[in-house]
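J.: With the input below, show me the fold.
(2 chains)
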There are 2 protein chains.
Amino acid sequence: MKEFELINRYFKGRGIIRRDVNLGIGDDCALVTVPENCQLAVTTDTLVAGVHFFDDISARALGHRALAVNLSDLAAMGAEPTWISVGLTLPEANIEWLEEFTEGMHEIAEYFNVQIIGGDTTQGPLTITICAKGILPEGKALRRSGAKVGDWIYVTGPLGDAGVAIEARKQGLDIAPEHLSYLNNRFDYPTPRVAAGQVLRGAASSAIDISDGLLADLGHILALSQVSAVINVDKVPVSDALNSSIPRAEQFDYILNYGDDYELLFTVPESNKSMVDMKLRQYGVEASCVGQIKSGEGEIELLLDGEKFNYQGKGFQHFAKEPV
Amino acid sequence: MKEFELINRYFKGRGIIRRDVNLGIGDDCALVTVPENCQLAVTTDTLVAGVHFFDDISARALGHRALAVNLSDLAAMGAEPTWISVGLTLPEANIEWLEEFTEGMHEIAEYFNVQIIGGDTTQGPLTITICAKGILPEGKALRRSGAKVGDWIYVTGPLGDAGVAIEARKQGLDIAPEHLSYLNNRFDYPTPRVAAGQVLRGAASSAIDISDGLLADLGHILALSQVSAVINVDKVPVSDALNSSIPRAEQFDYILNYGDDYELLFTVPESNKSMVDMKLRQYGVEASCVGQIKSGEGEIELLLDGEKFNYQGKGFQHFAKEPV
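T.: Take a look at the predicted model:
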């Protein structure tokens, strides 16, 4: 299939049409309008076959996941997702695969009211690079650098599910089918916490999405905010599936140190805590208060049932860890 | 090298700082401000090793080229380049290679006053996807769809040089060293015609950059504008190097049908012709009037020294042509 046919068939004229897109796919550039008094938020994530996903991942899941991880970054900034550009490198133009892949991508794009405004399709080893754009009111972004001593530390959703799914495939862990199905779904179809991010705008003091693991990503907030933290490990939410599948002693690696869940980690000043708790409940966002910001230079103190907990681990590094 | 070190060392804190970048590399998203009454232009191009460039291309040239092809799309839209996001997939973190690659990219970014606001570095087969952003006054974009019957057809620069450079490497053509050096430079370090694009804003009726070949790219303008064209092949500018290296009968493939020069093709209404000619000269842009828009349904009539010229060819298609 020729490049133009491919783009016309699978991307152009499909999906939602936003009014702020003045010119979509089909010219040298797309043209869009950013509303007055809004900033543009921009993020880019690349997924590489064999590194960021298993070779046998379903095409639909891959289309979903490739976009979800980008929307997660916009969520962590408090931005409203608007437009994406898709760089898709494929070994061959397999019709069935493309149909499923673009279906998975269009589904999540439509759910979050995001328009695919352009991209590039090329031949080569399977790689997907998405540049996602969003908008947010001037000065309202949730940065990593705003955490202050005394702020409460929250996470959304349960953590560790995606990690268990990955290890189950790598090591063949013994997991009950109904749990495995849930865990695989968490890895294949992560939900970017877009609503949570928008609820937290103007209320949270900092935010980040958990792609590299709770400790690693908390570390980024602490470093940029020049503070330390205490985390109550027993307060970190885990799913029934994870809890039933992994012995407690082995759970910590997953909930503290594995990424890929794409939940949000954020800090809330005491003065906003009750308002944030209420708003999160209103929007149906599951979030747990797991610790507090302390003064210090980036140290993370872990408590388990009130006792000091010694755990050593480090987050995911693309050039240090074995590919998935 | 860890991903964070890599980004910190080669991207963060290097290159120019634009005032409209509110938050650069280092958070979940970058934040930028689009000026009032301006549209945002967005384009994405992917380069894959072995498909879009030779494996032995210098890292510096690759860094330049990867950005140049994106800036060329902004130029073709009449946009002022502002910010880019870089998705860089590398087999390994080779220090010397990265130093040269980023040097090549920073050089051209600085020349065009473009800031690298983010991206993603991942491990995998060498692939570069850049999403380039630019701004332009509302309603002033140079679209492909605006060519009208009677408009004059122009191209910038000489055409075909990059194609000869590619074939010289593939076939080992017999070319004098001084010419080969010029031709290779045209392929390795293409110059996006950014100034030309901005000069043409509000004056040209349509524009496109020549990435797939003069005939193929003219075909896009004709299809979207619903017109036909006549091209005086003998008016298409060729370089001394190409002219001295390739017999006349073989030149047509290069100047009509090979892309990769990243010159601009544009149409100008008769009423704007003398003004455009003057402005292009003022800005030192070499451009040649090579034909005229006719009524019709996308046909291209070729004339050579005033006589009908029969030439059949088709443009570059990523899934149809042998990789470079």
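
J.: Off-centre distance for stretch A:200-210?
T.: 14 Å (Cα atoms, centre = their mean, to the nearest Å).

J.: That should have said stretch A:173-185, apologies.
T.: In terms of Cα atoms, centre = their mean, the centre of stretch A:173-185 is set 21 Å apart from its chain centre.

J.: Which positions in that stretch come out as buried?
T.: A:175, A:179-180, A:182-184 (16 or more other Cβ atoms under 10 Å in any protein chain shown). Quick note: C-beta positions are derived from backbone N, CA and C, even for glycine.

J.: Stretch A:231-240 now?
T.: A:231-233, A:235-239.

J.: Up against chain B, what does the stretch 101-250 of chain A have?
T.: The stretch 101-250 of chain A has residues A:117-125, A:127, A:129, A:131, A:133-134, A:138, A:141, A:143-145, A:207-209, A:224 near chain B, with proximity defined as Cβ under 8 Å from any Cβ of the partner chain.

J.: just the buried residues of stretch A:231-240 now: which is nearest A:Leu67?
T.: A:Ser239 (23.2 Å; Cβ to Cβ).

J.: nearest spatial neighbour of that closest one, skipping sequence neighbours?
T.: A:Pro158 (4.1 Å; Cβ to Cβ, 6 or more residues apart in numbering or on different chains).

J.: three-state assignment of the one you found?
T.: A:Pro158 carries the three-state label coil when classified by DSSP: H, G, I helix; E, B strand; the rest coil.

J.: How about the contacts made by it?
T.: Taking Cβ atoms under 8 Å, 6 or more residues apart in numbering or on different chains, we find A:Pro158 in contact with A:237-239, A:242, A:261, A:263, A:286.

J.: I'd like to know which of the residues you listed are part of strands.
T.: Using DSSP state E, no member of the contacts of A:Pro158 sits in strands.

J.: tell me the two of these that are most distant?
T.: Taking Cβ to Cβ, no two of the contacts of A:Pro158 sit farther apart than A:Leu242 and A:Glu286, at 14.6 Å.

J.: Below-threshold pLDDT in chain A: ranges please.
T.: Scanning chain A for pLDDT under 70 picks out A:1-4, A:313-324.

J.: So A:Asn272: helix, strand or coil?
T.: For A:Asn272, the assignment made with three-state DSSP gives helix.

J.: And for it, nearest residue in space, chain neighbours not counted?
T.: A:Ala203 (4.7 Å).

J.: Enumerate every residue touching the one you found.
T.: A:Ala203 makes contact with A:268, A:272, A:275-276, A:279 under the criterion Cβ under 8 Å, 6+ apart.

J.: And it, which helix or strand is it part of?
T.: Secondary structure assignment for A:Ala203, by DSSP states H and E: no helix or strand.

J.: That one and A:His64: what is the separation?
T.: A:Ala203 sits 29 Å away from A:His64, going by Cβ to Cβ, to the nearest Å.

J.: With A:Gly13 instead?
T.: Taking Cβ to Cβ, one finds A:Gly13 at 21 Å from A:His64.

J.: between the two, who's got more neighbours?
T.: A:His64 (24 against 11; other Cβ atoms under 10 Å in any protein chain shown).

J.: Next up, phi/psi of the more buried one, please.
T.: Dihedral pair for A:His64: phi -60, psi -50, per degrees, to the nearest 10.

J.: Skipping its backbone neighbours, what lies nearest it in space?
T.: A:Gly104 is the one closest to A:His64 (Cβ to Cβ, 6+ apart), at 4.2 Å.

J.: isn't there a helix covering the one you found?
T.: Yes - judged by three-state DSSP, A:Gly104 forms part of a helix.

J.: sorry, back to before: out of the contacts of A:Ala203, grab the one that's most surrounded.
T.: Neighbour counts for the contacts of A:Ala203 (other Cβ under 10 Å) peak at A:Val268, which has 26 neighbours.

J.: any idea how chain A splits into domains?
T.: A:3-137, A:152-308 (automatic domain parsing).

J.: Can you tell me which of those is most buried?
T.: domain A:3-137 (a mean of 22; mean count of other Cβ atoms under 10 Å in any protein chain shown).

J.: so of the contacts of A:Ala203, which ones are in strands?
T.: Cross-referencing the contacts of A:Ala203 against strands under DSSP E gives A:Val268.

J.: Now do the SS call for A:Gly82.
T.: Just to correct that, residue A:82 is Thr rather than Gly. Recorded secondary structure, A:Thr82: strand (three-state DSSP).

J.: quick one, what contacts it?
T.: Going by Cβ under 8 Å, 6+ apart, A:Thr82 touches A:18, A:20, A:32, A:113-115, A:133-135.

J.: Chain B versus that one, what's the distance?
T.: 10 Å (Cβ to the nearest Cβ, to the nearest Å).

J.: coming back round to it: which ones among the buried residues of stretch A:173-185 are found in helices?
T.: Among the buried residues of stretch A:173-185, the members falling in helices (DSSP state H) are A:179-180, A:182-184.

J.: Could you find which two of those are furthest from each other?
T.: Pairwise over these, using Cβ to Cβ, the maximum falls at A:His179 and A:Asn184, 9.6 Å.

J.: wouldn't A:Tyr258 be in contact with A:Ala165 here?
T.: No - the pair A:Tyr258 / A:Ala165 is not scored as a contact, 9.8 Å apart, by Cβ atoms under 8 Å.
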